[in-house]
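# Provide a 3D model corresponding to the input given below.
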Amino acid sequence: MAGYRRIDDNLVRSCLIPRQPDSNKGTYGHVLALVGSYGMAGAARLCVEGAYRSGAGLVTAAVPEPVVLPVTVAVPEALVLPLDAKPLSAAERVIAALSGKTAVVVGCGLGNTPHTDALLSRVMPALEVPTVLDADGLNWLSAHIDKRETVSAPLCLTPHPGEMARLLGCSVERVQADRLAAAQLCADRFAAVTVLKGHQTVIAVPDGDTVLLNPTGTSGMAVGGSGDVLAGMIASLIAQGLTVAKAAACGAYLHGLAGQQAAAKLSQHGMLPRDLLAELGPLFLRYE
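Residues are numbered from 1 along each chain as shown. Predicted coordinates:
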């Protein structure tokens, strides 16, 4: 690997697609979010609202029936696809809903269970549009590395160091000892844009000779739920027409800036992932 480049405001500004006066909701893409489970409705909300706050025209939340009401109340703009408790019938509903979607995000709060395993084993090979895998989507992939070749959709993986260690079959300490090399190895091994989260998030593309380092962010973002917002943001930017690599870079940079803005108002101790959502509107105002 030859080296790295830091993401900066100029890079992000050059990638973001301006809104058009004669546009409509269909102009800005449609995200399908396969997220949430009983006890983790909050992860679904953070992901779905992260996608909307980043400009997606439509977001459909494919969630288990107990999660429908919490998501609808928290994000009334969301379209909701209720899924029953039977993984095969749930998978059929998700697959039928893929038509017309321009990006998919899978895994936030989905649960690392036999149900999720059976559901994703049916859904993943059916995906064709760019897909962000986070959390339990990554857990499925690390448990089924042999099934990667069955997935034709372009992938963006968003692991934290523990998830990266499982993907690579090594220790967290080894991942953290050389984060740039770990991200590039993962990108090459899984033929996927890889976003290794943490201090100075690393973005690597398959067969790349340079990785991107994200300089934004704060330790106040080290709270469960921050990654759900990021996954939704990246999926949203993909849905609007950015390449997977550009969406990953812009999403990481803007996510970190939102964290910095929240910390400046609320402190690093007191901020929460949902506070990032409130900062996205004023943040995007800079680029319009």
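# Okay, and the residue nearest to residue 127 when sequence neighbours are not counted sits in which element?
Nearest non-adjacent residue to residue 127, counting by CB to CB, 6 or more residues apart in numbering: residue 153, 3.8 Å away. C-beta: built from backbone N, CA, C; applies to glycine. For residue 153, there is no enclosing helix or strand under DSSP states H and E.
# give me the number of residues near residue 153?
Using other CB atoms under 10 Å, residue 153 has 20 other residues around it.
# shaky segments in the stretch 1-150 of the chain?
Residues of the stretch 1-150 of the chain meeting the criterion pLDDT under 70: 1-2.
# So residue 33 belongs to a strand, correct?
Yes - looking at residue 33 with DSSP: H, G, I helix; E, B strand; the rest coil, it is inside a strand.
# Next, the contact list for it, please.
44, 47-48, 51, 59-62, 104-106, 108, 232, 235 (CB atoms under 8 Å, 6 or more residues apart in numbering).
# Show the model's pLDDT score for the residue nearest the centre of the chain.
The centroid of the chain falls nearest to residue 231 when counting by CA atoms, centre = their mean (1.7 Å). Residue-level confidence at residue 231 comes out at 99, pLDDT.
# That one reaches residue 158, doesn't it?
Yes - Residue 231 lies in contact with residue 158 (CB atoms under 8 Å); the separation is 5.6 Å.
# Identify the contacts common to the two.
The contact sets of residue 231 and residue 158 overlap at 132, 134 (CB under 8 Å, 6+ apart).
# in stretch 35-55, what counts as buried?
Buried positions in stretch 35-55, judged by neighbour count with 16 or more other CB atoms under 10 Å: 35-37, 40-55.
# Touching, residue 100 and residue 29? I think so.
No - counting by CB under 8 Å, residue 29 is not a contact partner of residue 100; they are 10.0 Å apart.
# Who has more neighbours out of the two?
Neighbours were counted for residue 100 and for residue 29 using other CB under 10 Å; residue 29 has more, 25 against 12.
# ok, the closest residue to that one other than its chain neighbours - contacts?
Leaving aside its sequence neighbours, residue 29 sits nearest to residue 239 (CB to CB, 6+ apart; 2.9 Å). By CB under 8 Å, 6+ apart, the contact set of residue 239 is 28-31, 51, 56-57, 101-103.
# try residue 64
Going by CB under 8 Å, 6+ apart, residue 64 touches 36-38, 82-85, 90.
# Please identify the buried residues of the host helix or strand of residue 264?
Under the criterion of DSSP H and E, residue 264 resides in helix 244-266. Buried residues in helix 244-266, counting neighbours by 16+ other CB under 10 Å, are found at 244-263.
# Quickly note the distance from the nearest residue to residue 7 once chain neighbours are set aside to residue 61.
Distances taken as CB to CB, 6+ apart place residue 253 nearest to residue 7, at 4.7 Å, with adjacent residues excluded. To residue 61, residue 253 is 25 Å away according to CB to CB, to the nearest Å.
# before we move on, the earlier item: which two from the contacts of residue 239 end up farthest apart in space?
The two members of the contacts of residue 239 with the most space between them (CB to CB) are 28 and 101, at 12.8 Å.
# Remind me which helix or strand residue 279 belongs to.
Using DSSP H and E, residue 279 falls in helix 273-285.
# typo on my end, residue 98
Using DSSP H and E, residue 98 falls outside every helix and strand.
# Now for it, how many residues are close by?
Neighbour tally, residue 98, other CB under 10 Å: 17.
# same question, residue 97
By other CB under 10 Å, 17 other residues sit near residue 97.
# residue contacts, it?
Neighbour list for residue 97: 32, 60, 62, 81 [criterion: CB under 8 Å, 6+ apart].
# So the last one, which state does it fall into?
When the structure is split into helix, strand and coil by three-state DSSP, residue 81 lands in strand.
# who does it bridge with?
Under the criterion DSSP bridges, residue 81 forms beta bridges with residue 62.
# Report the separation between it and residue 70.
Distance, residue 81 to residue 70, using CB to CB: 15 Å.
# same thing with the second one?
In this structure, residue 60 and residue 70 are separated by 16 Å, where distance is defined by CB to CB.
# out of these two, which sits in the more crowded spot?
When residue 60 is set against residue 70 and neighbours are counted by other CB under 10 Å, the residue ahead is residue 60, at 22 against 16.
# Could you say which helix or strand holds the residue nearest to residue 247 when sequence neighbours are not counted?
Of all residues not flanking residue 247 in the chain, residue 237 sits nearest, at 3.7 Å (CB to CB, 6+ apart). In the assignment (DSSP H and E), residue 237 maps to helix 226-239.
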